[in-house]
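Visitor: just need the structure, nothing else, for what follows:
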Amino acid sequence: MEGKLFIFSAPSGSGKTTIVQHLLKTDPRIGFSISACTREMRESKEANGKDYYFLPVEEFERRIENDEFVEWEEVYPGRYYGTLRSEVQRIWDMGKHVIFDVDVKGGLSLKQQFGDKALSIFVKVPSMEELEKRLIARNTESEESLKTRLEKMKYEASFEDKFDVVLLNDQLEDTFKKTHMIVDVFLAK
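Guide: Numbering: from 1, shown residues only. This is a model prediction of the structure:
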């Protein structure tokens, strides 16, 4: 079966991962697409093949040359992220629809690749100030990386009108309800 695809994209701190995790817990029709990346695994928090496929740069680049990705991006020099074709097929083979949690460029690239089979959803917060507060509250960034992320967030926010749906994440429970409605309507088409 070739199913449909749900692409959730947003700047860091918008809550897209929380929304995706909620859908995965509550909707058995959906399977998570695990992205590949070249960054180091966060030892205490992540597992290879569950959170990401952690690949050495050389292997990632070889897979690019072999056209094994449906989309990929060099986010920072030497830091790649992407979606393996085999990962999409793995989920379809399980009889499920694919859900992606990707950055904005990856989301637009996936939408372009899959067209009407995919629904691209941009998760938005009420303001950039709120987004900055959420990112600071995570307490995972150095001052330099926070500055870089904030610049990237502003840039990514400028692409919201390129997505099929803009989902305002203001009150989380309301956002969950809206998300279920969006998924149900798209799957009914």
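Visitor: quick one: the helices in this protein?
Guide: 16-26, 57-65, 85-93, 104-114, 128-138, 143-157, 172-188 (DSSP state H).
Visitor: helix or strand with the lowest mean pLDDT in this protein?
Guide: helix 128-138 (a mean of 73; mean pLDDT, DSSP states H and E).
Visitor: which residue of this structure lies farthest from its centroid?
Guide: residue 143 (24.3 Å; CA atoms, centre = their mean).
Visitor: where's that one relative to residue 152, distance?
Guide: To residue 152, residue 143 is 15 Å away according to CB to CB, to the nearest Å. Quick note: C-beta positions are derived from backbone N, CA and C, even for glycine.
Visitor: and stretch 50-63, what's buried?
Guide: Neighbour counts over stretch 50-63 (16 or more other CB atoms under 10 Å) mark 52-55, 60-61, 63 as buried.
Visitor: between the residues you listed, which sits nearest residue 91?
Guide: Checking the buried residues of stretch 50-63 against residue 91 with CB to CB, the nearest one is residue 53 at 13.9 Å.
Visitor: not counting sequence-adjacent ones, nearest residue to that closest one?
Guide: Excluding the flanking residues, the one nearest residue 53 by CB to CB, 6 or more residues apart in numbering is residue 36, at 4.2 Å.
Visitor: so what's that neighbour up against?
Guide: 52-55, 60, 63, 69, 72, 80-84, 87 (CB atoms under 8 Å, 6 or more residues apart in numbering).
Visitor: let's go with 7 Å and repeat that
Guide: 52-53, 55, 60, 82, 84 (CB atoms under 7 Å, 6 or more residues apart in numbering).
Visitor: okay, and the beta partners of it?
Guide: For residue 36, the beta-bridge partners under DSSP bridges are residue 53, residue 82.
Visitor: give me the pLDDT value at it.
Guide: The per-residue pLDDT reported for residue 36 equals 96.
Visitor: how near is it to residue 124?
Guide: To residue 124, residue 36 is 27 Å away according to CB to CB.
Visitor: residue 151 too?
Guide: Distance from residue 151 to residue 124, by CB to CB: 18 Å.
Visitor: in terms of neighbours, single out the busier of the two.
Guide: residue 124 (20 against 10; other CB atoms under 10 Å).
Visitor: give me the below-cutoff pLDDT ranges for this protein.
Guide: Low-confidence segments of the chain (pLDDT under 70): 1, 131, 134, 141.
Visitor: can you do 80?
Guide: 1-2, 12-13, 43, 126-143, 145-150, 152-153 (pLDDT under 80).
Visitor: now the angle from the least confident helix or strand of the chain to helix 143-157?
Guide: Using axes from the mean of the first three to the mean of the last three CA atoms, to 10 degrees, the direction of helix 128-138 lies 140 degrees away from that of helix 143-157.
Visitor: now find how far off-centre helix 128-138 is within its chain.
Guide: Distance of helix 128-138 from its chain centroid, counting by CA atoms, centre = their mean, to the nearest Å, is 18 Å.
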